[in-house]
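Chemist: Please find the sequence and the predicted model below.
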Amino acid sequence: MKKMLFVLIAVVAMNANLFASSYAEMASVDENYVENVFSDLNQLENYVVNHQGVTLNQLKLAGNTLVQNVQNSPVGALGVLAINGEPPLGIPSFLWGCVLGWVGILIVYLSTNGDKDEVQKSLIGCIVGSASAILFYFVFWGMLFASAASA
């Protein structure tokens, strides 16, 4: 038994070492590549700093070349995509409300910028979760009292 356990630990240790080396390669960062990708954004930032009061919409209307590759992405208060009809973090809004209750409703509201459909789904989830918890509570205590009465 000890030999089998030792062999199992040795195999796991070897595999962990192999995985660690492949993950180290994936986690390496090419700083030159990152600088090249963000060079347009750095130029736009410098322009905005030097020209106080200019907005992105003004630059787009003027046809400035600095904003030709810039897109407005709808980002909510929690930093997740807030596209209408898309739940926060890819988790259905019903589950946010069902599992987290009013906190889940608040998360959905803030992350989707008040998308009524998603907030309604989380509210329904909150109601279902609360009703399930109340039902479980009464069933549990009913079974407990029934077993105590029959004993």
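Modeler: Everything's here; your move. Numbering: from 1, shown residues only.

Chemist: Show me the shaky parts of the chain.
Modeler: Along the chain, segments meeting pLDDT under 70 span 1, 8, 11-27, 69-86, 151.

Chemist: Give me the domain ranges for it.
Modeler: What automatic domain parsing lists as the domains of the chain is 2-67, 88-150.

Chemist: if I look at the most centrally placed residue in the chain, how far off is Gly125?
Modeler: The C-alpha lying nearest the average C-alpha coordinate of the chain belongs to Leu89 (C-alpha atoms, centre = their mean; 3.3 Å). According to C-beta to C-beta, to the nearest Å, Leu89 and Gly125 sit 15 Å apart. Placement of C-beta: from N, CA and C, glycine included.

Chemist: what about Phe138, distance to Val128?
Modeler: The value you get for Phe138 to Val128, if C-beta to C-beta is used, is 16 Å.

Chemist: Neighbour count for those two, which is higher?
Modeler: Using other C-beta atoms under 10 Å as the criterion, Phe138 and Val128 rank with Val128 on top: 13 against 9.

Chemist: give me the element Gly129 is part of.
Modeler: helix 116-150 (DSSP states H and E).

Chemist: now that helix, how far from the centre of its chain.
Modeler: 27 Å (C-alpha atoms, centre = their mean, to the nearest Å).

Chemist: which residues of this protein fall in strands?
Modeler: With strands called from DSSP state E, the chain shows none.

Chemist: would you list every one of the helices in it?
Modeler: 2-27, 31-37, 39-50, 56-62, 93-100, 102-111, 116-150 (DSSP state H).
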